[in-house]
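**Student:** The following comprises the amino acid sequence and a computationally predicted model.
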Amino acid sequence: MTPQLALRVAVLGFVALAVFAVLFLRLWALQVLAGSKYRHEASDNRVRTISVDAPRGWIIDRNGHPLVDNVLGTSLEIWPADLPKGRKARATELNALSMVTSIPVKQIVAHIKLYANDPLTPVVLRRGIHSNQYDYLKEHQQQFPGVEMPESYLRNYPYQSLLAQILGYVGPISRGELKGAEKAGYQPQDVMGQAGIEQSYDRYLKGTDGSDFLTVNSLGEPTSQIQAKVVPQQGNTLRLTIDVRLQRAAERALQSEIVAARTAGETYADGGAIVALDPRNGAVLAMASNPTYQPSVYVGRDPDKLAPLQNPKVAAEQNYPGLNRAIDGFYPPGSVWKPVTALAAMEEGVLTPTESLQCTPSFSFFQQTFTNWDPYVDQPMELGQALAQSCDTYFYRVGASFYDMNASRGPTLQLWASRFGFGEPTGIDVGPENPGLVPTPDWLKKAYPAPKYPLIDRVWKPGYSVQLAIGQGDLEVTPIQMARFYAMIANGGQLVTPHIAEDVESSTGDPQQRQVLRVLATQQTTPSGVDPTYLAAVQQGLWLGTHSIYGTSYGVFGQFPVPIAGKTGTAEKDVTLPGYPHAVKLSQSWWCGYGPYNDPTIVVCAVIENGGHGGTAAAPAALQVFESYFKRHGVTTSHLTD
């Protein structure tokens, strides 16, 4: 053997030795160093993790009464990995499942696609299936491989339709919602608050899901008992400022006065709202909206029962039961607006509290005539009497003075209205909230832009200021805005921020044992800047409105044992009625006020849609709320009303 050949053999032997050494080390690393890791991963291929629903937190009223809690129900789930592999067999099963559950096949497929990258995670199709659906699927289990029906927690409403629009509902999380919520721990199979308190405070109410696991064979069949891995944690309890007893009284008052208005000839009375507010801190004590609905329909998700809430045509036919009229309904306020005009006028030097203006059957301004609601009054009045008797022509004169000021000082009445919170959301912690509308010359130009509209439509006319002074024209307000304004009158000039949630508490299972985790009711009041002398003059006018023989709501509150102050309002609104080619003007019935007069603890604002005069529909509805709050009864007598 030559030296060159010997060298080549040596190099080749060294390379072979090195290769075998590397292989040996790699095998040693896989079997010894990483053996446990791969054994765990192999085991995981045989282990299925099952998500265990956490019950959502309770929602309770201010006194600890459960408004929303949980009950056990049955969910419908699909394990994509266990569905038939053939396209035809899979389609057959999904079509059969759709027939049984009334869930469209497209919806089932869309849910499965959410889990395209995770075939071992169950797809929740519905929480809360009916017992007959459960029985059928259980009896025909062999026909539905991959379909499971585990227990889950469903929302329960002990007071049925009470507080429906405030409480809201939960529903399956959408793809868009999931994108923004994954960092907060949400999973595709989760539910999320979709409206009301459930939506606003979902982060507190949502619990932390647990997990179980079991082993399966290559066919997906269980080979062990289910074992707990992570225990689910219930969501926190949310305490509201609502008094359920007062809420019930408000909802009954709305319903009874709508019926009474129809009986009295107001054929189209068909809805309304009541807000009861603590003027000291803005806590909402009751918030009623009519018509209403049962939140439980979102649990079973019956298409027929959901139609009035989700189908625009059916919703319109039933007057939008899902709409929270207290915060999202907007109306012309009519005469309940007159205190706004009075305060603005005194602040701007247009009026003094003791100045007399003539209350006449009519008032003419720029060749246009405006009439008083009571054509038989013709006498001078000071502010207190004008508010009590709700003299339109008195305030027409004030509105004319504002128009004369506009050229040099701008829309001063509107600026004061904005300072009082009109034309913008109140900031209440539940939505959606309508900001309303305070019309101004600038708004008019934007609403009727050139060249689409002629110049005459874009100019602020004298009649607009006159109508605005009595709460008519294009002005739109919400009941919560009016309640906030009257709270400002009642508390001496401080604007409160309305709120419904009081605090977050740990879920102890006993609402009476409070373990507060976070206080939510920390809103500060804002000074309105109103002169106390002017405020006192308006307060006196509201007192006379309920206690003077000529007051427009004396017949309702004059004999009530607790001193109440307030104002009626009858506002004309164009309403489209079935069978009518054009809109018809119907009267929106208003009453707003507070009590006790010398130390107010509650403000009530009521509106009855198409209900007629404020003193005959809204005022009696408000009285029922005061009766429940003070646990005293009044005596209603007939009287002239505005």
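**Tutor:** That came through fine.

**Student:** tell me how far stretch 291-309 is from the chain's mean position?
**Tutor:** 16 Å (Cα atoms, centre = their mean, to the nearest Å).

**Student:** That one spans what distance, first to last residue?
**Tutor:** Stretch 291-309 has an end-to-end distance of 11 Å (Cα to Cα, to the nearest Å).

**Student:** and if you look at stretch 591-603?
**Tutor:** 11 Å.

**Student:** do stretch 145-156 as well
**Tutor:** Start-to-end, stretch 145-156 (Cα to Cα) is 31 Å.

**Student:** ok, now stretch 610-626?
**Tutor:** 23 Å.

**Student:** quick one, helices of the stretch 451-600 of the chain?
**Tutor:** 455-458, 462-468, 479-491, 532-547, 554-557 (DSSP state H, counting those that start in this stretch).

**Student:** And the stretch 201-350 of the chain, by the same measure?
**Tutor:** Using DSSP H, counting those that start in this stretch, helices in the stretch 201-350 of the chain cover 202-205, 244-263, 297-300, 303-310, 312-317, 325-328, 338-347.

**Student:** Out of the ones you listed, which gets nearest to residue 513?
**Tutor:** Closest to residue 513 of those, according to Cβ to Cβ: helix 202-205, at 17.9 Å. Quick note: C-beta positions are derived from backbone N, CA and C, even for glycine.

**Student:** What mean pLDDT does the closest one get?
**Tutor:** Per-residue pLDDT over helix 202-205 has a mean of 94.

**Student:** Does anything pack onto that helix? Which helices or strands?
**Tutor:** strand 191-193 (3 or more Cβ pairs under 8 Å, 6 or more residues apart in numbering; DSSP states H and E).

**Student:** can you give me the offset of the helix or strand just after the strand it packs on from its chain's centre?
**Tutor:** Toward the C-terminus, strand 191-193 is succeeded by helix 196-200 as the next helix or strand (DSSP states H and E). In terms of Cα atoms, centre = their mean, the centre of helix 196-200 is set 7 Å apart from its chain centre.

**Student:** What helices and strands are in contact with helix 196-200?
**Tutor:** Contact here means 3+ Cβ pairs under 8 Å, 6+ apart; on that basis helix 196-200 packs against helix 164-167, strand 191-193.

**Student:** which parts of stretch 61-68 are buried?
**Tutor:** Of the residues in stretch 61-68, 61, 64, 66, 67, 68 count as buried by neighbour count, 16 or more other Cβ atoms under 10 Å.

**Student:** Just flag the most distant two among those residues.
**Tutor:** Using Cβ to Cβ, the buried residues of stretch 61-68 span at most 13.3 Å, a distance reached by 64 and 68.

**Student:** intersection of neighbour lists for the two?
**Tutor:** Contact criterion Cβ atoms under 8 Å, 6 or more residues apart in numbering; residues shared by residue 64 and residue 68: none found.

**Student:** circling back to that earlier point, out of the helices and strands packed on helix 196-200, nearest to residue 95?
**Tutor:** Judging the helices and strands packed on helix 196-200 by Cβ to Cβ, what sits closest to residue 95 is strand 191-193, at 26.1 Å.

**Student:** residues in contact with the closest one?
**Tutor:** Contacts of strand 191-193 (Cβ under 8 Å, 6+ apart): 56, 127, 168-173, 177, 181, 186, 199-202, 205-206.

**Student:** and if you look at stretch 85-105?
**Tutor:** 76, 83-84, 108-109, 125-126, 129, 133, 136-137, 143-147, 303.

**Student:** what's the distance between residue 61 and residue 248?
**Tutor:** Computed as Cβ to Cβ, to the nearest Å, the residue 61 to residue 248 distance reads 11 Å.

**Student:** and if you look at residue 205?
**Tutor:** 23 Å.

**Student:** The two: who's more crowded?
**Tutor:** Legend: neighbour count by other Cβ atoms under 10 Å for residue 205 and residue 248, higher for residue 205 (27 against 16).

**Student:** Domain-wise, how is the protein divided?
**Tutor:** Using automatic domain parsing, the domain parsing of the chain gives 48-240, 244-292+324-499+525-630.

**Student:** ends of the longest one, how far apart?
**Tutor:** Taking Cα to Cα, the span from the opening residue of domain 244-292+324-499+525-630 to its closing residue is 15 Å.

**Student:** what's residue 545 in contact with, if anything?
**Tutor:** Taking Cβ under 8 Å, 6+ apart as the test, what residue 545 contacts is 387, 388, 390, 551, 552, 553, 554, 565, 566, 567, 568, 593.

**Student:** so which of the residues you listed comes closest to residue 635?
**Tutor:** The shortest approach to residue 635 among those belongs to residue 554, at 11.7 Å (Cβ to Cβ).

**Student:** burial of residue 208, as a residue count?
**Tutor:** Using other Cβ under 10 Å, the number of residues around residue 208 comes to 12.

**Student:** and it, what does it touch?
**Tutor:** By Cβ under 8 Å, 6+ apart, the residues touching residue 208 are 54, 185, 232, 233.

**Student:** Return the item of these having minimum pLDDT.
**Tutor:** residue 185 (72).
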